[in-house]
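In: Give me the fold of what follows.
(one chain, ligands or ions: 3)
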Amino acid sequence: MKTALYRKYRPSSFDEVIGQDIIVTTLVNQIERGAISHAYLFTGSRGTGKTSCAKIFARAINCLSPVHGSPCGKCEVCKALLSPSNLDVVEMDAASNNGVDKIRDLRESVGYMPASGKYKAYIIDEVHMLSGSAFNALLKTLEEPPAHVVFILCTTEVHKLPATILSRCMRFDFKLVPTDKLFALIKDIFRKEGVKAEDKALMHIARLGEGSVRDTLSIGDRCLNASDDLTYELALEITGTGSNEQTADLMDAVVRSDVGGIISKVEQLAGAGKSVSQISRDLTVYARDLMVLMTAGGERLTATKETFARMAEISSKTSVPFLVGFIRTLGGAEAELRYSTSPRIVLESALLSACASIAGAQTTPVTIAEQGQSAKPTERKETKPAEKPVKAPANTPPDERTLGLLGYLRSKLRKSGNLRLFGEYSALPDDKVRLVGNKFVVFVGSDSYLTFAEPENMRAAQEALDEFGAGYVLQVEKLSDGGASELEQILEAVKGLEVEVVDGRGKRIK
Ligand SMILES: Nc1ncnc2c1ncn2[C@@H]1O[C@H](COP(=O)(O)OP(=O)(O)O)[C@@H](O)[C@H]1O
Ligand SMILES: [Mg+2]
Ligand SMILES: [Zn+2]
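Out: Numbers count the residues shown, from 1 in each chain. Ligands and ions are numbered 1, 2, ... in the order given. Coordinates of the predicted model:
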């Protein structure tokens, strides 16, 4: 059977560890100066090199002639330590040996001198899995460690460790590995394995790894075995994710508020077998990369020339604040995607509401009473509403209370089969509602929210409000300057209901 890449390419010296420069430098310095602590704690996401570094370090502190702080691999101690039966480097996986007994064994064995090297090293992997009494037993040992003992504790969940343990360890936080480094590594491995691959394909693999070397190598493994000439298309096929170009097209449609484009792109991606959640995640990554490009510059990203050119083009049509709001909107939709029976509609709603927020930001608010008068968007905030101190939400997430009510409202509407709130692209985005005192204010802005202003929605919303708690009043605030027909539609929708309608300045219309 073929060895998995992540086993085959487990680093055996610190030079082979990528993306953890500060940690590696510190550890190497300690070895070169012979200043070894008694307890180390390696924390960080999975697949970032904790166990690998622990193994290298445990060997290096024993090696007779370390090379640049790494084990030489040739001396008798290095050779002895390579044998799994050696007693000087003890590896324990707390996830499987989480009993107190193992730690008790350990407490006894720390008393014996190392067999071949200077130190006895104990690597306790996933140390957060130890039971309470095992922790206590470990703590006793850590309190008075014999001079020849070194502990290296590894964990992905450092918050689960007792402070008494934390305070006795020298802590190293392993970082997610940047995509460009993952790309270089996977490229090198493909070369060593004698498999040709397009850079674009390798870049795709590196991105999917999301900072974990282990995940990158596992994904790389699947692609490596599929062909001896890996194209981008093939990589996409194997990994089951849509192409970056299609994501770019979709993003482009979003920043241009091209509703038709959004719908057809989503359809295309979904038709190609991509899950709605995946589309959403890809868009999030793309938006994030655009933001990086616009703020930190292109050096922070690794992408092909064409990809760069496309990103630069799209970024010229958008702004950082929009992207921040957009990512938040998608994040909010993601939870809903998981439970929805029609996730595609949820995603489309989120995308369209993002467009609407651009439209909202660009639209000069016009009060209904004074048609045609224009004002800068910022002036809206400054214009103190005469009667109602309700501020238009500027892409800020609502507070807990609002979210609670909104969640109730949505589930209620969904149950009652009133899908208009979710279909027709009027998902009632989080940032377009506010609970102000006893008023549940819905900001009806551009056309896409206007579909909320339908009699069924209004009635259902009011019923849900009544059930949620007595005294809640639904208020619709009209923001955009869609003209008299919009106002008519809103008034028509709330006919016979106790719903208040105000204009963009808080002036009561109904
Ligand atoms: N920083 C890194 N540099 C090089 N390879 C790494 C790195 N981190 C992880 N790997 C690869 O992933 C595999 C698993 O890494 P490991 O050290 O067990 O990660 P962790 O303990 O942080 O989950 C290793 O065998 C190695 O191939
Ligand atoms: Mg590990
Ligand atoms: Zn050696």
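
In: Sketch out the low-pLDDT regions of the stretch 351-500 of the chain for me.
Out: Within the stretch 351-500 of the chain, the stretches with pLDDT under 70 are 357-432, 444-453, 467-472, 478-485.

In: So which residues on the stretch 101-250 of the chain come close to ligand 1?
Out: For the stretch 101-250 of the chain, the residues in contact with ligand 1 (C-beta under 6 Å from any ligand atom) are 154, 174, 177, 213, 214, 217. Quick note: C-beta positions are derived from backbone N, CA and C, even for glycine.

In: Just put these in a markdown table and tack on neighbour count and pLDDT.
Out: Listed next are those as a markdown table, based on neighbours: other C-beta atoms under 10 Å; pLDDT from 0 to 100:
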| residue | neighbour count | pLDDT |
| --- | --- | --- |
| 154 | 25 | 95 |
| 174 | 22 | 92 |
| 177 | 24 | 91 |
| 213 | 28 | 94 |
| 214 | 19 | 92 |
| 217 | 24 | 94 |
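
In: Can you list which of the residues you listed are found in strands?
Out: With DSSP state E as the criterion, strands contain 154, 174 from among these.

In: Among the residues of the stretch 101-250 of the chain next to ligand 1, which one lies nearest to ligand 3?
Out: For those, the residue nearest ligand 3 by C-beta to the ion is residue 154; the value is 22.7 Å.

In: mind listing what the closest one touches?
Out: 41, 42, 43, 50, 51, 54, 123, 124, 125, 126, 127 (C-beta atoms under 8 Å, 6 or more residues apart in numbering).

In: run the last query once more with 7 Å
Out: Residue 154 makes contact with 42, 50, 51, 54, 123, 125, 126, 127, according to C-beta atoms under 7 Å, 6 or more residues apart in numbering.

In: So what's the residue count around the last one?
Out: Okay, so that is residue 127. 30 (other C-beta atoms under 10 Å).

In: Is it in contact with residue 153, as I believe?
Out: Yes - if you go by C-beta atoms under 7 Å, residue 127 and residue 153 touch, sitting 4.2 Å apart.

In: Now the residues of the stretch 101-250 of the chain next to ligand 1 in JSON lines, please, with extra columns for distance to ligand 2.
Out: Below are those laid out as JSON lines (distance: C-beta to the ion, whole Å):
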{"residue": "154", "distance to ligand 2": "5"}
{"residue": "174", "distance to ligand 2": "10"}
{"residue": "177", "distance to ligand 2": "14"}
{"residue": "213", "distance to ligand 2": "11"}
{"residue": "214", "distance to ligand 2": "8"}
{"residue": "217", "distance to ligand 2": "14"}
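
In: Columns distance to residue 13 on top of the residues of the stretch 101-250 of the chain next to ligand 1, output as a markdown table?
Out: Shown next, in a markdown table, are those (distance: C-beta to C-beta, whole Å):
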| residue | distance to residue 13 |
| --- | --- |
| 154 | 19 |
| 174 | 17 |
| 177 | 17 |
| 213 | 15 |
| 214 | 18 |
| 217 | 18 |
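
In: Pick the one among the residues of the stretch 101-250 of the chain next to ligand 1 closest to residue 311.
Out: The nearest member of those to residue 311, counting by C-beta to C-beta, is residue 177 at 21.7 Å.

In: Would you agree the closest one is in contact with residue 48?
Out: Yes - checked against C-beta under 7 Å, the pair residue 177 and residue 48 is within contact range at 6.3 Å.

In: who touches both of those two?
Out: By C-beta under 7 Å, 6+ apart, the residues touching both residue 177 and residue 48 are residue 213.

In: Name the residues of the helix or strand containing residue 23 that come out as buried.
Out: Assigning secondary structure by DSSP states H and E places residue 23 in helix 21-33. Burial within helix 21-33, assessed by neighbour count using 16 or more other C-beta atoms under 10 Å, is assigned to 23, 24, 27, 28, 30, 31.

In: again with stretch 54-66
Out: For stretch 54-66, using 16+ other C-beta under 10 Å, the buried residues are 54, 55, 56, 57, 58, 59, 60, 61, 62, 63, 66.

In: where do the strands sit along the stretch 151-300 of the chain?
Out: 170-174, 196-197, 229-230 (DSSP state E, counting those that start in this stretch).

In: among these, which is nearest ligand 3?
Out: So among the strands of the stretch 151-300 of the chain, strand 170-174 is nearest, using C-beta to the ion, at 22.8 Å.

In: Can you show me the CA trace of the closest one as PDB?
Out: C-alpha atoms of strand 170-174 as PDB (Å, rounded to 0.1, in the frame of the first residue of the first chain):
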ATOM      1  CA  MET A 170       6.700  27.400  27.800                       C
ATOM      2  CA  ARG A 171       4.000  28.000  25.300                       C
ATOM      3  CA  PHE A 172       4.200  28.100  21.500                       C
ATOM      4  CA  ASP A 173       1.200  29.000  19.300                       C
ATOM      5  CA  PHE A 174       1.400  27.300  15.900                       C
END
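
In: list the helices and strands it packs on?
Out: strand 39-44 (3 or more C-beta pairs under 7 Å, 6 or more residues apart in numbering; DSSP states H and E).

In: quick one on the thing from earlier: ok, the helix holding residue 23 near ligand 3 or not?
Out: No - Helix 21-33 does not reach ligand 3 (C-beta under 5 Å from the ion); its nearest approach is 11.4 Å.

In: Can you give the contact residues for that helix?
Out: Residues contacting helix 21-33 (C-beta under 7 Å, 6+ apart): 14, 17, 36, 53, 57, 60, 61, 66, 68, 69, 172, 174.

In: Now do it and strand 170-174, the angle between them.
Out: Here helix 21-33 points in a direction 140 degrees away from that of strand 170-174 (axes from the mean of the first three to the mean of the last three C-alpha atoms, to 10 degrees).

In: Can you give the distance of helix 21-33 from its chain's centre?
Out: Its chain's average C-alpha position is 31 Å from that of helix 21-33, according to C-alpha atoms, centre = their mean, to the nearest Å.
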